[in-house]
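*Asks:* Below: sequence and its predicted model.
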Amino acid sequence: MNRRLGSYARMIAMTCALTGLAAMPAARAEQASGAAAPSAQALQELLDKQAIAEVMMTYCRALDHLDEPLLRSVFHPDSQHNHGFKGPSSDPAAKSEPGKPGDFVAYALQALTRMTRTHHQLGNIFVEVHGDVAYTEAYFTAYHRMRAKGDPKAGSDAYETQMDLFVSGRYMDRMEKRNGVWKIARRTATTDWERLEPPSPLSYARVPPELRSYQSREDFVYRRKDVYGD
């Protein structure tokens, strides 16, 4: 009988202890459970990774809207590029000639003007942070609607009809944080696959003009605050 009462007493004591732990404030419960709060270094690394990811996303937005100032903003002045173009990433002083751009930004804007619209999308993003230097690998898929022959802006590789060009690959960057700001210092992009095909028979003309994407600052993303009244 005494042993049974002793067992009941131990069960009650354990229940009270567990109930008390559950009722503790979150910080005390975490301390009691032995879990350590994230270190300042770990939190800073998370902030750095988020800032780096936003640089990559800004790059895509700038390409799709042919936004030259925004595109130049993601590169350090001495950044180097190897993606269709090999040389400086963003050097406005680099002399450009027709068909011979002086830097990647000029090259990209010249190439994308040959399209009626584009869509750059990021997939897996891996970031390794080492202080003020980071190494990244970001999977991308890019869609391009090529202009047809006869269009004044069409390229020399244009077809009789518009064509859909899909390209998928990876952006691999060395990013550097200078004066507290992350930007691309070196970029190499590889191509995993490409596909070229006639456009879909579905008519883009059915999309209301205010809901279409535009290769300019006329796109909704630049006007949304005015539209929402903020």
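*Replies:* Looks like it arrived, so ask away.
*Asks:* which SS class is the residue minimising distance to the centre of the chain?
*Replies:* Per C-alpha atoms, centre = their mean, the C-alpha nearest to the average position across the chain is that of Met57, at 2.7 Å. On the three-state scheme (DSSP: H, G, I helix; E, B strand; the rest coil), Met57 is labelled helix.
*Asks:* for Ala93, same thing?
*Replies:* coil.
*Asks:* show me the contacts for it.
*Replies:* Contact criterion C-beta atoms under 8 Å, 6 or more residues apart in numbering gives Gly102 as the residues in contact with Ala93. (Each C-beta comes from the backbone N, C-alpha and C, glycine too.)
*Asks:* gap between it and Glu68?
*Replies:* Taking C-beta to C-beta, to the nearest Å as the measure, Ala93 falls 14 Å from Glu68.
*Asks:* Asp48 too?
*Replies:* Separation of Asp48 from Glu68 (C-beta to C-beta): 27 Å.
*Asks:* between the two, which one's more packed in?
*Replies:* Neighbour tally, Asp48 and Glu68, criterion other C-beta atoms under 10 Å: the higher count belongs to Asp48, 18 against 15.
*Asks:* Provide the partner residues of the nearest residue to that one once chain neighbours are set aside in its beta bridges.
*Replies:* The spatial neighbour of Asp48 that comes closest, neighbours along the chain excluded (C-beta to C-beta, 6 or more residues apart in numbering), is Val129 at 5.1 Å. With beta bridges defined as DSSP bridges, Val129 has these partners: Ala134.
*Asks:* Val129: how many residues sit nearby?
*Replies:* Here the number of neighbours of Val129 (other C-beta under 10 Å) works out to 20.
*Asks:* ok, it - contacts?
*Replies:* Neighbouring residues of Val129 by C-beta under 8 Å, 6+ apart: Glu45, Asp48, Lys49, Ile52.
*Asks:* for those, which one is nearest Lys225?
*Replies:* Distance to Lys225 across the contacts of Val129 (C-beta to C-beta) is lowest for Ile52, with 25.5 Å.
*Asks:* Could you give the number of residues near the closest one?
*Replies:* When counting by other C-beta under 10 Å, one arrives at 22 neighbours for Ile52.
*Asks:* I'd say it and Ala134 touch.
*Replies:* Yes - with the criterion set as C-beta atoms under 8 Å, Ile52 and Ala134 qualify as a contacting pair; they are 5.6 Å apart.
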